[in-house]
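In: Provide a 3D model corresponding to the input given below.
(one chain, ligands or ions: 1)
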Amino acid sequence: MLRLPGARLENGDMFIPEVLMSAQTMSVCLDILKPLLGDDEGVQSANVIIGTVKGDLHDIGKNLVSMMMESGGMNVHNIGVDIEPEEFVNQIKEKNASIVCLSALLTTTMPMMKQTIDAISEAGLRDKVKIMIGGAPVTQSYADEINADGFTPDAGSAAKLAKALAA
Ligand code: B12
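Out: So this is what the prediction gives:
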């Protein structure tokens, strides 16, 4: 049976460099295939915004999540690191996003996830988007505490959850 890189990473029988290589290969293949697929081919095309929150420069895990989501056929806008809450709000409007992914690797920048969610609520966009959070120090209980819609501990399960939230 074919087992995807995300599942193999979760199980610990594939490592990050191999997942990065296969995700990059998949991304190049998708660029070639996308124009050949019609709108009704079942490709999940939810607009996803992903970025690392203000004050945090870590991006390896966030880029891995981005690539796994792209490999799953989602339309991912990876907006970088050190992103202000207001910039997430602007990007949601500009890209008509339905999913927003926030990454943080520092305990000191985790509160910025809450500030970003608050800014999205204040802009009147909270009902329009599903918000996922992640990064090594992040937990499900923190996601519950700040009213995020989802948390996963790795890139493979993040791509699966994004598809479920977009459905
Ligand atoms: C690489 C690294 C750096 C690099 C970052 C390079 C880059 N381009 O990203 C550099 C050298 C720049 C760096 C700097 C710093 N770092 Co650093 N860094 C790391 C290190 C070694 C690895 C992080 C990593 O890439 N992991 C691999 C990826 C694949 O894992 P991941 O990020 O967790 O992502 C996975 C999941 O969490 C999840 N995920 C990630 N994002 C998202 C988002 C969503 C929505 C979802 C659903 C899932 C998800 O999926 C990913 C893939 O499976 C960690 C230690 C460690 N072992 O974790 C320290 C670490 C994170 N750093 C740390 C620190 C302290 C710093 C500095 C403050 C050091 C300093 N004094 O300058 C600065 C901060 C700079 C800043 N303002 O951000 C501490 C944080 C401690 C804490 N409790 O807050 C750590 C834990 C090291 C330590 N043990 O002290 N760092």
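In: who are the contact partners of the residue most central in space within the chain?
Out: Nearest residue to the geometric centre of the chain (Cα atoms, centre = their mean): Cys101, 4.2 Å. Residues near Cys101 by Cβ atoms under 8 Å, 6 or more residues apart in numbering: 48-51, 62, 65-66, 69, 131-134, 158, 162. For glycine as for every other residue, the C-beta is placed from the backbone atoms N, C-alpha and C.
In: so what's it bridging to?
Out: Beta bridges link Cys101 to Ile50, Met132 when assigned by DSSP bridges.
In: restrict the contacts of Cys101 to those near the ligand?
Out: 62, 65, 132-134, 158 (Cβ under 6 Å from any ligand atom).
In: now tabulate those in TSV and tack on neighbour count and pLDDT.
Out: Output for these, formatted as TSV (neighbours: other Cβ atoms under 10 Å; pLDDT from 0 to 100):
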residue	neighbour count	pLDDT
Lys62	27	93
Val65	28	93
Met132	24	98
Ile133	27	98
Gly134	28	98
Ala158	28	96
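In: tell me which two in the contacts of Cys101 are the farthest apart.
Out: Ser66 and Ile131 (15.7 Å; Cβ to Cβ).
In: residues near the closest residue to Ala136 other than its chain neighbours, how many?
Out: Leaving aside its chain neighbours, Ala136 sits nearest to Leu105 (5.6 Å; criterion: Cβ to Cβ, 6 or more residues apart in numbering). Using other Cβ atoms under 10 Å, Leu105 is surrounded by 21 other residues.
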